[in-house]
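1. After the sequence you'll find the predicted model.
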Amino acid sequence: MTLAQREGGSTLQLLSGGAAQGIVGAIEEDFRLATAARVQGTFGAVGAMRDKLLAGAPCDAIILTAAGDAIPHAVLDQLSPTGVLVAPVGSPSNQTLIRMRGDGQGDFIQEELAAVSFVPLLGGIG
């Protein structure tokens, strides 16, 4: 996700699998009223979204909803210097939700948030 300042206001650029399209559509007007920002969504098959994420501009926030053994470097490379990433990490039987914040100097500060259970990260992102 990126909240970009553009002429005429801010835009939240959202890249997601197709299942989120209905949810985003349902909250889009409330989001616009609460933030004065519009939502620009790109939705599609998970594999196609992976390619778009890795080819896109740096994001201010990335939320992964599948767990890998570690955060893939290719995903961290897409995070802006002060961006935030939230993702589950670990094996199927032992996962932790983590938050990583960019410090603006090229390093990330990692916090463990909670024990969780997510599906495995697939698709060759790592």
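-> Received, thanks.
2. drop to CA atoms for contacts and neighbour counts, all remaining ones
-> OK.
3. Helices of this protein, residue ranges please.
-> 21-35, 46-55, 73-76 (DSSP state H).
4. who's in contact with the strand ranked longest in the chain?
-> Using DSSP state E to define each element, the chain has its longest strand at strand 79-91. For strand 79-91, contacts defined as C-alpha atoms under 8 Å, 6 or more residues apart in numbering pick out 58-71, 76, 95-106, 116-118.
5. can you rerun that using 7 Å?
-> 58-71, 95-106, 118 (C-alpha atoms under 7 Å, 6 or more residues apart in numbering).
6. How far does that strand sit from its chain's centre?
-> 8 Å (C-alpha atoms, centre = their mean, to the nearest Å).
7. same deal with stretch 27-36?
-> Using C-alpha atoms, centre = their mean, the offset of stretch 27-36 from its chain centre is 19 Å.
8. And stretch 95-107, by the same measure?
-> The answer for stretch 95-107 is 12 Å, by C-alpha atoms, centre = their mean.
9. avg pLDDT for it?
-> For stretch 95-107, mean pLDDT is 92.
10. Domain map for the chain?
-> 1-44, 60-126 (automatic domain parsing).
11. winner for burial among those domains?
-> Ranked by mean neighbour count, the domains of the chain are led by domain 60-126 with a mean of 17 (mean count of other C-alpha atoms under 10 Å).
12. quick one on the thing from earlier: if you average pLDDT over each of the helices of the chain, which comes out lowest?
-> Ranked by mean pLDDT, those bottom out at helix 46-55, which scores a mean of 64.
13. who's Pro120 bridged to?
-> Note on Pro120: beta-bridge partners by DSSP bridges are Ala67.
14. surely it meets Gly68?
-> Yes - if you go by C-alpha atoms under 7 Å, Pro120 and Gly68 touch, sitting 6.1 Å apart.
15. residues in contact with stretch 102-110?
-> By C-alpha under 7 Å, 6+ apart, the list of residues contacting stretch 102-110 reads Pro81, Thr82, Gly83, Val84, Ile98, Arg99, Met100, Arg101.
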